[in-house]
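J.: Below: sequence and its predicted model.
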Amino acid sequence: MDDEVLKALHEDLDTCKDYLQQVAHAMVKGGVTKYPIFIAHLEELDLGLPIINRVDMDLAWSYSASHLEDFVNKNVILEEKVEAFKATYKNPMQFMCIFIADEAGSGFVFVPFDRPKSAPNSKPELN
């Protein structure tokens, strides 16, 4: 994943991580899923439910809320890869699972909810 993409993501998360944490907790506690996934995207997607519009919040990315089951239903994660995904997935009470949907490449990153805010010009660190 490109460093500039990750830097923009981390800067966004400084602004919206508390809200994403509330959404993730509600999804788990409400029985929607054990595997919430947030999608960072620039264009509209047929995946998840939009929760943050980048224009409204002056962010680099828009965010949608989804979950493992939706990713499987839409063939983003193949059925035979589900167990591997679950083995990699981190505790949703402590980490955001973010799927970055970028034309240069897509992928998953896990970012702790309690990470400190980004320092100016710092290189992002992902767990």
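T.: Nice, thanks for sending it over.
J.: how about the strands in this protein?
T.: 36-41, 49-52, 62-67, 95-102, 105-112 (DSSP state E).
J.: Most tightly packed of those?
T.: Comparing the strands of the chain by mean neighbour count (mean count of other Cβ atoms under 10 Å), strand 36-41 comes out on top with a mean of 24. Where C-beta positions appear, they are placed from N, C-alpha and C, glycine not excepted.
J.: Direction included, what does it pair against?
T.: Using DSSP bridges, the strands paired with strand 36-41 are strand 62-67 (antiparallel), strand 95-102 (parallel).
J.: Just the C-alpha atoms of that strand, please, in CSV.
T.: Extracted C-alpha coordinates of strand 36-41, given in CSV (Å, rounded to 0.1, in the frame of the first residue of the first chain):
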residue,chain,number,x,y,z
PRO,A,36,-17.1,-5.4,11.2
ILE,A,37,-15.2,-3.9,8.3
PHE,A,38,-14.9,-0.2,7.4
ILE,A,39,-14.4,0.6,3.7
ALA,A,40,-12.3,3.7,2.8
HIS,A,41,-13.2,4.8,-0.7
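J.: for that strand, what is the average pLDDT?
T.: For strand 36-41, mean pLDDT is 97.
J.: what do you get for stretch 49-60?
T.: On average, stretch 49-60 scores 94.
J.: circling back: tell me, which of the strands paired with strand 36-41 is the model least confident about?
T.: Lowest mean pLDDT of these: strand 95-102, a mean of 94.
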